[in-house]
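Asks: Here is the input, now give the coordinates:
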Amino acid sequence: MKKLTIPKSVVQEMMNNDFFSQWLGIEVLEVAEGTCKLRMVVKKDMLNGFGIAHGGIAFALADSALAFAANSRNKKSLVLDANISFLAPVRENDLLYAIAKEVNITNRTGIYNISVTNQDEKPVAVFKGIVFRKSEKWFPDEE
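Replies: Predicted structure coming up:
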């Protein structure tokens, strides 16, 4: 497998068994080592009692972007810590984008910033995640 295809192969393998991301309707737009861009549409059943998207929706989208970006280097990675700040309300039918970018990586940990924007490119949330990088690989025969 070529190095360029490892990130996409890892994310495809993850998505095959990530039923929550599938339920959210997440689409993977871009993936490369240490980065990922996702998109989803906010549905009526994702709204809270205020008629806006439940905070867990933006968190879940950002969390998926974190997971895909962190695992894209073919090293199984698990979230140690994550936090989010909500900047603007999200409404039904909004198109949300999450872009994860690697900030720092060591052999054992990684730090990622994820921005969540709507269809108007307006920031709706900022998310920071720290992952633990296991020694186990998704594709053991690959570097």
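
Asks: Can you name the element that comes right after the helix or strand V31 falls within?
Replies: Using DSSP states H and E, V31 maps to strand 27-32. Downstream of strand 27-32, the first helix or strand assigned by DSSP H and E is strand 35-41.

Asks: so what secondary structure elements neighbour the strand holding V31?
Replies: With contacts taken as 3 or more CB pairs under 8 Å, 6 or more residues apart in numbering; DSSP states H and E, strand 27-32 sits against helix 6-17, strand 35-41, helix 55-71. The way it works is simple: take the backbone N, C-alpha and C, and place the C-beta from them, glycine included.

Asks: With mean neighbour count as extra columns, can I get these in CSV?
Replies: Compiled in CSV, the helices and strands packed on strand 27-32 are given as follows (neighbours: other CB atoms under 10 Å):
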stretch, mean neighbour count
helix 6-17, 17
strand 35-41, 20
helix 55-71, 24
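
Asks: So which of those is nearest F139?
Replies: helix 6-17 (6.6 Å; CB to CB).

Asks: Distance from whatever helix or strand comes next after that closest one to the middle of the chain?
Replies: Counting by DSSP H and E, the next helix or strand C-terminal to helix 6-17 is helix 19-24. Helix 19-24 has its C-alpha centroid displaced from the chain centroid by 12 Å (CA atoms, centre = their mean, to the nearest Å).

Asks: CA atoms only for the strand holding V31, dumped as CSV, please.
Replies: Extracted as CSV, the C-alpha positions of strand 27-32 are listed here (Å, rounded to 0.1, in the frame of the first residue of the first chain):
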residue,chain,number,x,y,z
GLU,A,27,-19.1,12.4,4.8
VAL,A,28,-15.3,12.3,4.6
LEU,A,29,-14.3,15.1,2.2
GLU,A,30,-10.5,15.0,2.7
VAL,A,31,-8.0,13.0,4.6
ALA,A,32,-4.2,13.1,4.8
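
Asks: Between helix 6-17 and it, find me the angle.
Replies: 150 degrees (axes from the mean of the first three to the mean of the last three CA atoms, to 10 degrees).

Asks: got the contact list for strand 27-32?
Replies: The contact list for strand 27-32 (CB atoms under 8 Å, 6 or more residues apart in numbering) reads 7-8, 11, 15, 36-40, 68-69, 72, 97.
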